[in-house]
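Novice: the sequence isn't on hand, but the structure is:
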């Protein structure tokens, strides 16, 4: 029997779903994707090891339908070239466009990586009365490129954290921290919060996210920042032409839906 | 038969060695120590999980002579209350003094943690012709408190990275990065380098390290920064009176010498 997640992936594979996945397939965890030329793979694994909060590695994908480590991800029917709603394509470190599948771009020299996604704890936040505002408004989450650097790893030097932002009341902060903390492999608790954090993270205009939709922050709310799985794509942009060849990633907010349930994504 | 490391620990236990350990017991790995009231232990483990570069957890020490995870540390004769040359003592988050042992301060409510130390890769650097300058000069390494924050974890919020600094020629940088990269559980490769990094890390005066000795940087050298195992102690200072009770740590640069050899500390 097809799981709801598998139905969703097949829908993407047929090209019938091209939108963001915030709130899609409630109960199933989601994942970020980056597909690299093999020459970058070892350094990228080091980058994940040294930066497990923005880059929580769920599994390496040596072939489009194969996961290397099946402890977390074990999809019955799975092709990372087609099963996401939308992909970003980079050539020599530069963004060159979006596509709804990357069958043409994938070569035998490519290696994929699945990275935990903060959408995975949003259902739990909602279940406990802290529904993220962008979900209430049917929008994509706001994402920002910061001036905070990852711990350098091999060729990956001066790579910025990307963060997602959800507005919350100050009184709700500790509850929101406690709930998301349990999801250690999907970014866990926030890395920073408040308007001082906006400065610290070097975000020049909170109303203009680099990715996703702008979400209004009310007077009685503060911005709360989680590390974001778009970080690997920012790392590719930071590499510039050192990232020779074709790199692919999910379009921000347009994730792979996993068979892994949110409840199993806790305490990994 | 006593190992050289064990002889050294017994020397400390008798109170016969009170100096820094940079260059001591060549060939044996070294470790940072933090001893916390039990109430802080879970959040501290989370802090390590989320920040493995400054806080690479080697083992939890539930009793003074017991290691919880013997895969890395398995000392034949071992008492963390006495076997380091010098300790820092904190009360309610404030530094209150140094002692040569903490037998009086340890209670049944305390839990120790051993954290990897960058001294562990210094022998390999020396063996390959990149002897750290402070070793040549018989000094302690320079250490700085930065304005770069760790990823928050529970009660540990707004905690700064502490970094160690070694001057190197620009031409030697990639070699030095490659050598230290192999020591993933003892801080690994540098997190940043150069005079731009001094600014980025918020170091106000490179000539005045917060801990250790000042080391001159020649005109043809740049400062190279590694994450440092004094970071947990800076976290305790950042907690202030939320760190209720007695906390103990090694005096910066005055480490525990392990039976673990440097060659085994590679690729952990």
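Specialist: Everything's here; your move. Predicted, not measured: the structure shown is a model, and the values here were computed from it.

Novice: write out the residues of chain A neighbouring chain B.
Specialist: A:46, A:49-50, A:52-53, A:148-149, A:151-154, A:177, A:181, A:184, A:188-192, A:200, A:227 (Cβ under 8 Å from any Cβ of the partner chain). Any C-beta I mention is one placed from the backbone N, CA and C, and that applies to glycine too.

Novice: tell me the SS of residue A:162?
Specialist: Following DSSP: H, G, I helix; E, B strand; the rest coil, we place residue A:162 in the strand state.

Novice: tell me who's in contact with residue A:49.
Specialist: A:57, A:153, B:52, B:184 (Cβ atoms under 8 Å, 6 or more residues apart in numbering or on different chains).

Novice: show me which of those are buried.
Specialist: Among the contacts of residue A:49, those scoring as buried are A:57, A:153, B:52, B:184 (criterion: 16 or more other Cβ atoms under 10 Å in any protein chain shown).

Novice: hang on, the earlier thing: any idea which of the contacts of residue A:49 is the one closest to residue A:252?
Specialist: For those, the closest approach to residue A:252 (Cβ to Cβ) belongs to residue A:57, at 18.6 Å.

Novice: pLDDT score assigned to that closest one?
Specialist: Note on residue A:57: pLDDT of 96.

Novice: do the same with residue A:23
Specialist: 81.

Novice: that one reaches residue A:122, doesn't it?
Specialist: Yes - Residue A:23 is in contact with residue A:122 according to Cβ atoms under 8 Å; the separation is 7.4 Å.

Novice: who touches both of these two?
Specialist: With Cβ under 8 Å, 6+ apart, residue A:23 and residue A:122 have common neighbours residue A:135.

Novice: save the contacts of residue A:49 as JSON lines, and put in secondary structure too.
Specialist: As requested, the contacts of residue A:49 are arranged in JSON lines below (three-state DSSP):
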{"residue": "A:57", "secondary structure": "strand"}
{"residue": "A:153", "secondary structure": "strand"}
{"residue": "B:52", "secondary structure": "coil"}
{"residue": "B:184", "secondary structure": "helix"}
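
Novice: need the worst-confidence member of those residues.
Specialist: Where pLDDT dips furthest among those: residue B:184, at 92.

Novice: what's the first-to-last distance across stretch A:14-23?
Specialist: 21 Å (Cα to Cα, to the nearest Å).

Novice: and the residue of the stretch 101-250 of chain A found nearest chain B, how many neighbours?
Specialist: Closest contact between the stretch 101-250 of chain A and chain B, by Cβ to the nearest Cβ, is at residue A:151 (4.5 Å). Neighbour count for residue A:151, taken as other Cβ atoms under 10 Å in any protein chain shown: 24.

Novice: how many residues are close by residue A:146?
Specialist: Residue A:146, neighbours per other Cβ under 10 Å, totals 24.

Novice: that one sits in which helix or strand?
Specialist: In the assignment (DSSP states H and E), residue A:146 maps to strand A:142-149.

Novice: beta partners of the closest residue to residue A:210 other than its chain neighbours?
Specialist: Distance criterion Cβ to Cβ, 6 or more residues apart in numbering or on different chains; nearest residue to residue A:210, sequence neighbours excluded, is residue A:145 at 5.0 Å. Beta-bridge partners of residue A:145, counted by DSSP bridges, are residue A:162.

Novice: quick one: the helices in the stretch 101-250 of chain A?
Specialist: A:119-127, A:133-136, A:173-181, A:195-200, A:231-239 (DSSP state H, counting those that start in this stretch).

Novice: just those: most buried one?
Specialist: helix A:231-239 (a mean of 24; mean count of other Cβ atoms under 10 Å in any protein chain shown).

Novice: give the rounded mean pLDDT of it.
Specialist: Mean pLDDT, computed over helix A:231-239, is 95.

Novice: helices or strands up against it?
Specialist: Counting by 3 or more Cβ pairs under 8 Å, 6 or more residues apart in numbering or on different chains; DSSP states H and E, the packing neighbours recorded for helix A:231-239 are strand A:28-37, helix A:41-50, strand A:87-91, strand A:160-169, strand A:246-250.
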